[in-house]
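**Q** quick one: sequence plus predicted model below, questions after.
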Amino acid sequence: MSYNKLNQFVSTNANTSFSKLKTLYLDGIFPEESSVPAQLSLEAFPSLKRLYLTYNYHLNQTMFIQTSQVLSNLEELFLDQSPLGINFLQNIGALTSLRSISLRNCGFTGTLPTQGWCDLKNLEEMDLSGNELVGILPSCLANLTSLRLLDISQNLFTGNVASSPLINLILLQYLSISTNKFQVPNSFKSFANHSNLKVFFSDFNQLVPEHDHVQTRVPKFQPRVLSLSNCRANEELTKPPNLLYYLYDLRYVDLSFDQFMGALPYWLFENNTGLQVAILKNNSFMGSFHLPSQPNLDVWKIDISNNQIQGEIPLNISMIFPYLTWLLLSGNGFGGRFPKWLVSMNSLEFLDLSSNQFFGTLPKEFVMGRSLFHLRLSNNNLTGKIPPSVFKSQSLDALYLDRNNFKGEISNVHFSRSSYLSTLDISNNNLSGKVRTWTKNLPHLNQLDLSNNHLDGSIPKEFCYNDDLWRLDLSHNNLSGSLPNCSSPSSPHLSHIYLSKNRLNGLLTHSFLNISSLEILDLGENNLSGSIPKWISNLSSLSILRLKGNLFFGEIPNEICELDQLQIMDLSHNQLSGHIPSCLGHLILTTNSFSSWGAIMEHRSLNFDTPTEMETRLMNELYPQMDRNIQDRIELVTKWWSYTYEGNVLGYMSEIDLSCNQLTGLIPLAMGNLSDIHSVNLSHNNLIGPIPSTFSNLKQLESLDLSFNDLNGEIPSQLTELNSLAVFSVAHNNLLGPIPYGKGQFGTFDNNSYEGNPLLCGPPLEKSCKETNAQPKVPNSLNEKREGSLIDMDVFYISFLVTYVVVLLSIGAVLYINPYWRREWFYLIERCVTNCYYLILDNIPRF
């Protein structure tokens, strides 16, 4: 019955045909958009053992409690994503047979009650994750002595775990307290007797030192999964917990993002011979990469990225870890010549050596292992030509060779016809030649980045007809010619186009007319011309529009206001004219995360003796998606500086930049409706009128530049309410009156923000507002008129006299020095006098 839109589900005792039903699925039957009150009655199901009521947004807790009185035999209840009040937990004590309950993301707030749910003595599995529960765990939790699975992650619980009722639940096998505000003693002595606890997640809590405890013997607590990521918040804890020295049965350990120091804990592999996954990334481990003395046949993933490990990769790594499939070593100090033997390991699937110090050339016969799926060699010092064999792998899915010093003709690159490559990034190198499409040999290509090279020629139109391509970056090259016509429906997924900083010319015409999937369009800093087409409104998914630094002219079309997903619009440094469309104020400009297409999920069994549902939960927790996306990058000018926003940061930025055009008219009052915008730049135009006081509604605004216009009136005092404003400029306008200095952020702006406005006064300017504040009067004398003028006439007369004298003296000095000019000068004077004499003589009447 799941996901049928119902208003009621009522069954009475008369329906005896359902009396022996054991399992009932009613997920999503009361949808969110329903306006009719939902009704639920389950009287006809007295034998029900398992009930699914997830994703029922109109499920009323009172309605469920009333019908639950007949569910005395219910053993499993799933209510995830169904909003319920916290009182629900007080009223489920009657379900005495309940063994498993899942209440993920049910909107619970406040503290846990001490009645009802604490009476479920038979409860074995309980999930309260993803709510907003606060405070310490109630002591009655200790009554649930049969619990073997407890998930209270992603809440706001507080308190020290050592003094919580968790220490009494000794039958626990699975415990997740991640993403709370717990204090977790680094000795873990409170769990010393939890011999059944095999899975323990405590990410995003706070590890605290416990000075009075010294570990002297092997504890009964021997987890197989231990995750303590993002837990270090105490400067005293510079090394991993001592408990780790005494663990011998680990299968999975995660100590990432804890800023632990010292040598890499290779003894984890020595002590735990069954270890499969070790995630030690984003710490401060240093020294060499030591390997255990004996081979470990179970290890398949090692991630020590972003540490300070130096030296060369041990040659015997393939012998010690013969079945290693994930090796992630990025962001360290590994050096030496490129370890060509490493990529030939037949077991390797994911190899990341980026952001290290490898140098030299890649071998001509670059033989990859038959299983290599993901290879990242970015940001090293690799030189020479890219060997053709690199592109002939039939297993490779993602290849990153960006930010090196490779050279050569890209037109010589050939791919195997059976290639499965979907992501290719060879940007930021010294490659040259004309762009090839490779579309025939790369039918699965969905991300291509060739930016920051020396490529020339035109953009092949075949890019527009690749069904899988969704990201194309050819920016920062020497490409020329017109834009290809990608308006055909044959490019259904094309969503990210970067073509900035080339030499492209011509009109937009219908280049991207029908690409409704387009999210980012960056054509900045080319030689494109013409008007902005009205079909721009067809790009309904567009989030970023960057046309900066071209030759576009004409008015900004009103159709641009129909882009309701727009987040960043940069039309600066063009020749646009006319008024700013008032409809821009109707844009939402909300920040968002761009679509992600390239994620890889790796599933491996840890060979636990656990129920299927627990194994499934482990898969979701332990193996997050492997991101293979190339990061989005956009260059924006904000706060007077040019910044490159990358990755997730870009999703939090919103901006309108119309600077350096020829726009006229008033600033629309409606722009004050852009409440989520971070940056507005309207400088270097011909705008007139006052600064809209509605700008005070832009509470998220960090940068406002209105300089070099013809704005007049006073600076609205309401702008002092903009507490996030870091950069403000109204320089070189015709503003007048006092500056609202010293109020809020306006106490931080200096003279440069106001210069070029002769009628502005008050701090930080030196000009006082006393004369400005005086009542104006009608001047009744020449002196008063002079005082009211913008020019000091006394200074003018003196300056004129001094200039006149200097000119006369200069002429006299020249004539004294040069006798030829002196003769010519007197000859000229003589002629002028003679002519004037005869002119007067001829015009005086004779009597």
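**A** Perfect, I can see it now.

**Q** switch to C-alpha atoms for all contacts and neighbour counts from now on
**A** OK.

**Q** next secondary structure after the helix or strand of the chain with the lowest mean pLDDT?
**A** Every helix and strand in the chain was compared by mean pLDDT, DSSP states H and E; the lowest is helix 782-788, with a mean of 40. Downstream of helix 782-788, the next assigned helix or strand under DSSP states H and E is helix 793-817.

**Q** now do that next one: distance to the chain's middle.
**A** Relative to its chain's centre, helix 793-817 lies at 66 Å (Cα atoms, centre = their mean, to the nearest Å).

**Q** got the angle between the next helix or strand after it and helix 793-817?
**A** Next in sequence after helix 793-817, counting helices and strands by DSSP H and E, comes helix 819-843. Taking axes from the mean of the first three to the mean of the last three Cα atoms, to 10 degrees, one finds that helix 819-843 is oriented at 110 degrees with respect to helix 793-817.

**Q** quick one: average pLDDT of helix 819-843?
**A** Helix 819-843 carries an average pLDDT of 73.

**Q** what helices or strands is it leaning on?
**A** In terms of contacts (3 or more Cα pairs under 8 Å, 6 or more residues apart in numbering; DSSP states H and E), helix 819-843 is packed against helix 793-817.

**Q** elements contacting the helix it packs on?
**A** helix 819-843.

**Q** the helix it packs on: how far from the chain's middle?
**A** Helix 819-843 sits 82 Å away from the centroid of its parent chain (Cα atoms, centre = their mean).

**Q** who touches it?
**A** The contact list for helix 819-843 (Cα atoms under 8 Å, 6 or more residues apart in numbering) reads 814, 815, 816.

**Q** who wins on neighbours among those residues?
**A** residue 815 (17 neighbours; other Cα atoms under 10 Å).

**Q** count the residues that sit near residue 669.
**A** The burial count for residue 669: 14, using other Cα under 10 Å.

**Q** and it, what does it touch?
**A** Applying Cα under 8 Å, 6+ apart, we find residue 669 in contact with 582, 585, 692, 693, 694.

**Q** max pairwise distance over these: which two?
**A** Using Cα to Cα, those reach their maximum pairwise distance at 582 and 693, which is 15.2 Å.

**Q** for the chain, just list every one of the helices.
**A** Along the chain, counting by DSSP state H, helices occupy 61-68, 267-271, 317-320, 612-622, 647-650, 770-773, 782-788, 793-817, 819-843.

**Q** buried residues in the last one?
**A** Read it as helix 819-843. residue 822 (16 or more other Cα atoms under 10 Å).

**Q** same check on the second one?
**A** For helix 267-271, a neighbour-count test (16+ other Cα under 10 Å) marks 268, 269, 270, 271 as buried.

**Q** output that helix as CSV - backbone C-alpha positions only.
**A** Presented in CSV, the C-alpha positions along helix 267-271 are these (Å, rounded to 0.1, in the frame of the first residue of the first chain):
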residue,chain,number,x,y,z
TRP,A,267,51.5,-0.4,14.7
LEU,A,268,47.7,-0.5,14.1
PHE,A,269,48.5,-2.9,11.2
GLU,A,270,51.0,-4.9,13.4
ASN,A,271,48.5,-5.4,16.3
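
**Q** still on that earlier bit, looking at the contacts of helix 819-843, which one is closest to residue 677?
**A** The closest of the contacts of helix 819-843, once distances to residue 677 are taken by Cα to Cα, is residue 814, at 64.9 Å.

**Q** residues contacting that closest one?
**A** residue 821.

**Q** and it, how far is that from residue 49?
**A** Look at residue 814 and residue 49: by Cα to Cα, to the nearest Å, they are 116 Å apart.

**Q** residue 549 too?
**A** Distance from residue 549 to residue 49, by Cα to Cα: 67 Å.

**Q** before we move on, what about residue 520?
**A** To residue 49, residue 520 is 51 Å away according to Cα to Cα.
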